[in-house]
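**Q** generate coordinates for the sequence data below:
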Amino acid sequence: MPVITKKPRIDAGSLQLKDEVVAINRVTKVVKGGKNMSFAALVVVGDPSAATVGYGSGKAKEVPQAIRKGMEAAKKNLVKVNLTQTTIPHTVLGRFGSGMVLLKPAPEGTGVIAGKAVRAVMTAVGVQNVLTKSIGTANPHNVIKATFNALQQLRDRKEVAALRGKTVEEL
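**A** Modelled structure (predicted):
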């Protein structure tokens, strides 16, 4: 039976989190008395100085409450990302559902070349130079989940050296 390791929870209170609303969706439920309108918000929060980012979804009758709920959900699933100074360490492909997101490191001065959902995640985590390509679905929920999948695959040189049983100089 596989051993399930629980990743450590990142404390949102100690970070200077910036939030960005990626998508707001108006949804309607048809009931006997008419239509009940509600709002769903997809929010990304992150601290560029700590290379930490999270996403969350909130639903409520009013837009501000939906955004607030999304921010609270995002603070609960923050992840730490391995970065170099202003870009990512290597090319990576993240997948979720029918969506794929390709992230490529870029030289200084390139900027964040990305669509709306991927750009929100990249700026929130503090990446200043990156090339991205979203392949497959344009659904912002799946694109963000694919982006998070890609960011969690990033490894720094020390980590790769340890996995291979070598020193950093040998790589």
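**Q** host element of residue 68?
**A** helix 63-76 (DSSP states H and E).
**Q** now do the same contact list for residue 123.
**A** Listed by C-beta atoms under 8 Å, 6 or more residues apart in numbering, the contact partners of residue 123 are 20, 46, 48, 112. Using the backbone N, CA and C atoms, a C-beta is placed for each residue, glycine as well.
**Q** in three-state terms, label it for me.
**A** The three-state label for residue 123, taken from DSSP: H, G, I helix; E, B strand; the rest coil, comes out as helix.
**Q** pLDDT value on it, please?
**A** The predicted local confidence for residue 123 comes out at a pLDDT of 90.
**Q** from the chain's centroid, how far away is the lowest-mean-pLDDT helix or strand in the chain?
**A** Taking mean pLDDT, DSSP states H and E as the measure, helix 157-164 is the helix or strand of the chain with the lowest mean score, a mean of 76. When distances are taken as C-alpha atoms, centre = their mean, to the nearest Å, helix 157-164 is centred 24 Å away from the chain's centroid.
**Q** how about stretch 74-87?
**A** Relative to the centre of its chain, stretch 74-87 is centred 8 Å away, using C-alpha atoms, centre = their mean.
**Q** can you check stretch 99-108 too?
**A** With C-alpha atoms, centre = their mean as the basis, the mean position of stretch 99-108 lies at 13 Å from the chain mean.
**Q** rewinding a little: may I see the buried residues of the least confident helix or strand of the chain?
**A** residue 161 (16 or more other C-beta atoms under 10 Å).
**Q** repeat that for stretch 30-49.
**A** Buried-residue list, stretch 30-49, by 16+ other C-beta under 10 Å: 39, 40, 41, 42, 43, 44, 45, 46, 47, 48.
**Q** and the furthest pair within those?
**A** When those are compared pair by pair using C-beta to C-beta, the two farthest from each other are 39 and 48, 27.9 Å apart.
**Q** just the buried residues of stretch 62-78, please?
**A** Neighbour-count burial for stretch 62-78, counted by 16+ other C-beta under 10 Å, picks out 66, 67, 68, 69, 70, 71, 73, 74, 75, 78.
**Q** and residue 83, how far from residue 152?
**A** 13 Å (C-beta to C-beta, to the nearest Å).
**Q** one more: residue 111?
**A** 24 Å.
**Q** the more surrounded of the two?
**A** residue 152 (15 against 12; other C-beta atoms under 10 Å).
**Q** may I ask which helix or strand encompasses the more buried one?
**A** helix 140-153.
**Q** done for today, thanks.
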